[in-house]
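> requesting a structural model of the entry that follows:
(2 chains, ligands or ions: 2)
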Amino acid sequence: MPLGPVARDTSLDLPPGPRRKEDVVLDVRGLVKAYDDAVVLNGIDLTVAEHEVVTLIGSSGSGKSTLLRCAGVLEPISDGQILLDDRDISDPRIDADAVRARFGVVFQAYNLFPHMTVLDNVMLAPRVVHGVPPKEARARAEALLARVGLADKAGAYPDRLSGGQQQRAAIARAIAVEPRVLLLDEITSALDPELVGEVLGLVRELASGGATILMATHEMGFAKQVADHVVFLDQGVVCEEGPPAQVLGEPTRPRTQEFLRRVIDAGRL
Amino acid sequence: MSPEQPTPLELSRRRLRAGRSRRSTLTALVSTLVFAAVLYLGVTNAPGWPRTQATFLSPQVAWDSLPRILEGLWLNIRVLAVAAVCTLVLALVLAVLRTLRGPVWLPLRLLATGYVDLFRGVPLIVLLYLVGFGVPALRFTDSRINPVILGTVALVLTYAAYVSEVFRAGIDSVHPSQRLGARSLGLSYGQSMKLVVLPQAVRRVTPPLLNDFVAMQKDVGLISLLGPLDAVRAAQIASQSSFNFTPYVVAALLFVLLSVPTARLADWATARAAQREQSGAAL
Ligand SMILES: Nc1ncnc2c1ncn2[C@@H]1O[C@H](COP(=O)(O)OP(=O)(O)OP(=O)(O)O)[C@@H](O)[C@H]1O
Ligand SMILES: [Mg+2]
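Ligands and ions are numbered 1, 2, ... in the order given. Presented below is the predicted three-dimensional model:
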């Protein structure tokens, strides 16, 4: 069967599964994103339900970061629709700043603001965007830092932290605004291998605490254990999706099989 | 091996290093002395030296002109302070205007770009004449406009164009994910600019800004062209009445003295910035 990147064969899609429609928090419908002439995302359908962890996998350049940026209203989209709690957030008339404040985002690197202490980084959005009084914001930020194991680093500047500590602080900052959805973009791929565990451990904790997470990752082992749903992106379309055991264990599409073979060869599964 | 008890190998290496550094200190000392001696002998043996010494380096004339020149310098310092602050503010506004995107801002953006192109191109001396003599000719007020103010305005107009480019480079050098990170938290464009981008940009451009400040410190002397009694003008008057150039040398030395602390500060800021860069940019 030919596997064009554009024509998406829906006959192979899995049934919706146990997720119920009213639980859907983030609903991406027919999302298209093009830069000038290059079509990066070509009709993505994707849902993230309440308390669910959805992981995006796919080779470099498949559009994972672009999808996360579009979902977080950090970039205008070319076509399609994105709904957050049934509200169309791709509508140009919405207050984009207010919508962004409902997402927590962590990127691969350069998340923290280097001219502020870790505590000030975590306190910034609650104070400036959500109008939390300084005292309360500080108390909450300190509690959050303690929760991610960085209580003693509150007064330090980011460049004094290890890469893993920086990413944990960035996660603390992202959850300080009590986001509806956490968008995590390969948050461990810039880290030394021995630091990956501490950051993923924190994500695992958040997931079991009921956070709603959409994350791009290269860590297949982590996806296998923690994800409720895995989406394999290939050349801007969803090539295969389903429970981790199925997509990562018995993939049906040749592209997925090939991708996973390369991942296994690289020792990542 | 404890650090207090170095091995014989390390001890011998330390002796070698100490000897080497003694030798290079000695070399530097000798070469400096030789250079100074050659320069001194060369200048003092020049045929015109006695005459030059009398017209440029007369202690008596220097001493007599010093109070007036110092008084003039105080005016320069005040102009400098006001001009520096105004330049920073205007330059920051221009730089931010030039970063704005979107059709609504187009007129402001074009205006800021045009301003920078214009005032970077006009020589300061020409601008001083244009503002100093052109603005009074417009007769906005009946009374005479203070030339000190006009000189300060010309200085600010020119320097703001330069300094805004420095600021703009600083804004551009802030990593794009910092902006994206700020926006992802829900901060508005203005808030991300004010709280995230500008503080980092200003930190980065502090060394070049201090260099521009040094340049401005001496360019304040140009306001004398419009007539106010600043250090240069005082030196000119003293020189004309004594038929001697020594007052200019006095003024020059005072300007140098004024700029040395800033120059050292700029060096220090540069070194510190380099050190920060090296200690690892934040992940
Ligand atoms: N601002 C942009 N302008 C033009 N093209 C872009 C832009 N951002 C991304 N792209 C292109 O979009 C495609 C997808 O990029 P994206 O960063 O989303 O991939 P990714 O799946 O996150 O890859 P990686 O695993 O390497 O992070 C790439 O081909 C990239 O060149
Ligand atoms: Mg990416």
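> now do the strands in chain A.
A:24-35, A:38-49, A:53-57, A:79-84, A:87-88, A:103-106, A:181-185, A:213-216, A:229-234, A:237-242 (DSSP state E).
> give the contact list for the nearest residue to A:His229 once chain neighbours are set aside.
Counting by CB to CB, 6 or more residues apart in numbering or on different chains, the nearest residue to A:His229 once its immediate chain neighbours are dropped is A:Val54, at 4.7 Å. Every C-beta, even on glycine, is put in place using the N, C-alpha and C of the backbone. Contacts for A:Val54 (CB atoms under 8 Å, 6 or more residues apart in numbering or on different chains) come out as A:46, A:48, A:213-215, A:227-231.
> one step back: reformat the strands of chain A as TSV; add mean pLDDT.
As requested, the strands of chain A are arranged in TSV below (pLDDT from 0 to 100):
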stretch	mean pLDDT
strand A:24-35	93
strand A:38-49	92
strand A:53-57	95
strand A:79-84	93
strand A:87-88	92
strand A:103-106	94
strand A:181-185	94
strand A:213-216	95
strand A:229-234	94
strand A:237-242	92
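> where in the chain is pLDDT low?
Let's take chain A. A:1-22, A:268-269 (pLDDT under 70).
> let me rephrase: I mean chain B.
The model of chain B has pLDDT under 70 over residues B:1-3, B:276-283.
> which residue is nearest the middle of it?
Taking CA atoms, centre = their mean as the criterion, B:Val214 is the residue nearest the geometric centre of chain B, at 2.0 Å.
> for it, which three-state class applies?
helix (DSSP: H, G, I helix; E, B strand; the rest coil).
> just the one 4 residues further on next, same as before
Three-state secondary structure (criterion: three-state DSSP) places B:Lys218 in helix.
> and the spatially closest residue to it that is not a sequence neighbour, how far from A:Leu26?
Spatial nearest neighbour of B:Lys218, chain neighbours left out: B:Phe255 (5.4 Å); criterion: CB to CB, 6+ apart. From B:Phe255 across to A:Leu26, the span is 64 Å (CB to CB, to the nearest Å).
> more neighbours: which of the two?
A:Leu26 (24 against 18; other CB atoms under 10 Å in any protein chain shown).
> now tabulate the strands of chain A in a markdown table and tack on distance to A:Arg147.
Formatted as a markdown table, the strands of chain A follow (distance: least, CB to CB, whole Å):
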| stretch | distance to A:Arg147 |
| --- | --- |
| strand A:24-35 | 23 |
| strand A:38-49 | 23 |
| strand A:53-57 | 19 |
| strand A:79-84 | 25 |
| strand A:87-88 | 30 |
| strand A:103-106 | 14 |
| strand A:181-185 | 15 |
| strand A:213-216 | 16 |
| strand A:229-234 | 26 |
| strand A:237-242 | 32 |
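> so for B:Ser21, which of those strands sits nearest?
The minimum distance between B:Ser21 and the strands of chain A falls on strand A:103-106, with 49.3 Å, by CB to CB.
> who does the closest one pair up with?
Sheet pairing of strand A:103-106 (DSSP bridges) gives strand A:181-185 (parallel).
> if we can go back for a sec, name the helix or strand for the residue nearest to B:Lys218, please.
helix B:246-278 (DSSP states H and E).
> can you tell me which helices and strands the helix or strand hosting B:Gly190 packs against?
Counting by DSSP H and E, the element that carries B:Gly190 is helix B:189-192. The helices and strands touching helix B:189-192, judged by 3 or more CB pairs under 8 Å, 6 or more residues apart in numbering or on different chains; DSSP states H and E, are helix B:176-184.
> any part of the helix it packs on near ligand 1?
No. Contact of helix B:176-184 with ligand 1 (CB under 6 Å from any ligand atom) is absent, the minimum separation being 9.4 Å.
> distance from that helix to the middle of the chain?
From the chain centre to the centre of helix B:176-184 is a distance of 33 Å (CA atoms, centre = their mean, to the nearest Å).
> alpha carbons of it, in PDB - could you do that?
The C-alpha coordinates for helix B:176-184 follow below in PDB (Å, rounded to 0.1, in the frame of the first residue of the first chain):
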ATOM      1  CA  PRO B 176      14.700  33.600  20.600                       C
ATOM      2  CA  SER B 177      13.600  30.900  23.100                       C
ATOM      3  CA  GLN B 178      13.700  33.500  25.900                       C
ATOM      4  CA  ARG B 179      11.100  35.500  24.000                       C
ATOM      5  CA  LEU B 180       9.100  32.400  23.300                       C
ATOM      6  CA  GLY B 181       9.400  31.300  26.900                       C
ATOM      7  CA  ALA B 182       8.100  34.600  28.100                       C
ATOM      8  CA  ARG B 183       5.200  34.600  25.700                       C
ATOM      9  CA  SER B 184       4.400  31.000  26.700                       C
END
